[in-house]
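>>> this one's structure only:
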């Protein structure tokens, strides 16, 4: 029999962004970025200090509009190169191109520095008059207010510029080095009597065959062990650079900057983690029951996301379900997903040479998303696909807003994506016909909760402990391993037989140079999306309008303000978080009730 004809394309189309990196269009765009970086820097130097004159406000308005256009154009070319690298991580030419592009874009840093500097020295009365002198400035006031807040942690212009220049061959270079190492790393496995080499992105622990999972886990550890010292160097220098800058900028704690960027109060973060920690014991019966089903005394790291029964779903079927269920929630949402797949905005091929992980990015200039993942014909992949499409819809809803009001913090970003997952998970559970099917769907839902409340928590604990210790000096790879395992044991209540000692090396998120603590926003978004799902179940389709408003407000409100204004809730209190955790406990109780029958 021939290969099954695929209904939907598995590979994305980047041609309508640029035909190729050698194309006239790409070269023209690259030249524009080079020239406009210099032009904007020169123009910014001539920008008048903020005062109460209307002419000054209009000059700033014109400059902000030029800067927005530059960001649209630079986002187009940087996103395109990143997409190309994601599909071909071993391509040295693309890596060099990205490094060169980064070095050009970093030259625009003085523009942002100059803006922040002028905002910092502006008095409140003058500032308010300045904003009110322009309708455009009034419209984007939230974004300018945000910049004014950030200006409180600005070094002097000379040191800020030096920091930006050094970052090209410093913190960003260490991040690129990690990308290069992880992209080239191969995992050697024995399959059907032959040695095969797999990319990091092809290693997964969601097979229902424990021997396969175990084999891939230990083979992966063996490969990461060969590069752990280089990874340790990269991680030490990325964190070390941050800690030095935090001190110079006036941040008192290593969490202060990421909380500022996430528009989140420390009280809200503490309330969330405190609630999670107090309720984690609800997972104990689930872990014991799942271990019993799998025929082991205790689960290991590579068992957590494994299904209790074999379940396969191909890409076409997964897409059909997502289109239908997103459409049942909101007709526009279903049409949006159909538009994405019909226009080949999704890269899902399971092939070597791809980077690990998944992401959604937005080409804001063209109002088009691109989704990157590796679909491996199972329900876990379907959840990832729904997750990334949730991000894409979020960006789509914001498309008519000024670019500066399309920026939203990570926690709110992860709310939209995990709500997309929740819609699909809810559908799968509702349509399960037998107890076995219900148990399988509940297992998937609860395993997702374990990821968000235990795995993510272990990453947060690790980073906190690492940054504490890094402030006294560099750490060896063995020390990082010790901190990682300790964090995992704490987060998982010591419920596992084996842990992942080199998770600190294999997890890309620790090595991102533009953001630290790329973890707690996932838990925040997951629990917030649980609250939204509960409201959706109560209100039905009329909730779609409220949901769209919440997504739009993510670009122009602080997190606490957004939840209070739209849901009337105070997230600095445990009550909100516990209501979301109640839903997970209900799922666990239902799972135990079904599995105890067997």
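That came through fine. In this text the structure is predicted, and so the values were computed from the model without any measurement. Numbering: from 1, shown residues only.
>>> Identify each buried residue in stretch 170-188, please.
Of the residues in stretch 170-188, 170-183, 185, 187 count as buried by neighbour count, 16 or more other Cβ atoms under 10 Å. C-betas here are computed from N, CA, C, even on glycine.
>>> so how far is residue 504 from residue 561?
For residue 561, the distance to residue 504 equals 35 Å [Cβ to Cβ, to the nearest Å].
>>> Look at those two and report which has more neighbours.
The neighbour comparison of residue 561 against residue 504 (other Cβ atoms under 10 Å) goes to residue 504, with 26 against 12.
>>> can you pull the contacts of that one?
231, 235, 462, 466, 480, 481, 483, 484, 510 (Cβ atoms under 8 Å, 6 or more residues apart in numbering).
>>> Which one of those is nearest to residue 573?
Among those, residue 462 lies closest to residue 573 (Cβ to Cβ), at 27.3 Å.
>>> Next, the contact list for the closest one, please.
Residues counted as contacts of residue 462 (Cβ under 8 Å, 6+ apart) are 483, 484, 487, 488, 503, 504.
>>> repeat that with 6 Å
With contact taken as Cβ atoms under 6 Å, 6 or more residues apart in numbering, residue 462 is in contact with 483, 484, 487.
>>> what do you get for residue 227?
Contact analysis of residue 227 by Cβ under 6 Å, 6+ apart lists residue 181.
>>> Let me know the pLDDT of it.
Residue 227 is assigned a predicted lDDT (pLDDT) of 96.
>>> I'd like the distance between it and residue 425.
In this structure, residue 227 and residue 425 are 36 Å apart, going by Cβ to Cβ.
>>> Ok, residue 178 next?
Separation of residue 178 from residue 425 (Cβ to Cβ): 32 Å.
>>> Kindly report the same for residue 152.
From residue 152 to residue 425 the distance is 42 Å (Cβ to Cβ).
>>> So these two - more neighbours on which side?
For residue 152 versus residue 425, the count of surrounding residues by other Cβ under 10 Å is larger for residue 425: 23 against 12.
>>> can you give me the helices in the stretch 151-300 of the chain?
Ranges of helices in the stretch 151-300 of the chain, per DSSP state H, counting those that start in this stretch, are 157-168, 171-184, 210-225, 228-249, 256-261, 266-279, 284-294.
>>> Please name whichever of those is nearest to residue 334.
That would be helix 266-279 among the helices of the stretch 151-300 of the chain, by Cβ to Cβ, at 31.7 Å.
>>> Counting neighbours, which bits of the closest one end up buried?
Within helix 266-279, the residues that count as buried by 16+ other Cβ under 10 Å are 268, 269, 271, 272, 273, 275, 276, 279.
>>> Which strands and helices lie in contact with it?
Other helices and strands packing on helix 266-279, by 3 or more Cβ pairs under 6 Å, 6 or more residues apart in numbering; DSSP states H and E, are helix 574-595.
>>> Centre of the chain to the helix it packs on, how far?
How far helix 574-595 lies from its chain's middle: 25 Å, per Cα atoms, centre = their mean, to the nearest Å.
>>> So which elements touch that helix?
Counting contacts by 3+ Cβ pairs under 6 Å, 6+ apart, helix 574-595 is packed against helix 266-279, helix 284-294, helix 435-450, helix 520-539.
>>> Not including adjacent chain positions, what is the nearest residue to residue 272?
Excluding the flanking residues, the one nearest residue 272 by Cβ to Cβ, 6 or more residues apart in numbering is residue 577, at 5.3 Å.
>>> give the contact list for the one you found.
The contact partners of residue 577, by Cβ under 6 Å, 6+ apart, come to 272, 275, 527.
>>> if we go to 7 Å?
271, 272, 275, 527 (Cβ atoms under 7 Å, 6 or more residues apart in numbering).
>>> Go through the contacts of residue 504 and flag which are in strands.
Using DSSP state E, the subset of the contacts of residue 504 located in strands is empty.
>>> Redo those as TSV? Include pLDDT and distance to residue 437.
Formatted as TSV, the contacts of residue 504 follow (pLDDT from 0 to 100; distance: Cβ to Cβ, whole Å):
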residue	pLDDT	distance to residue 437
231	97	41
235	98	43
462	98	36
466	98	42
480	98	42
481	98	40
483	98	41
484	98	36
510	96	37
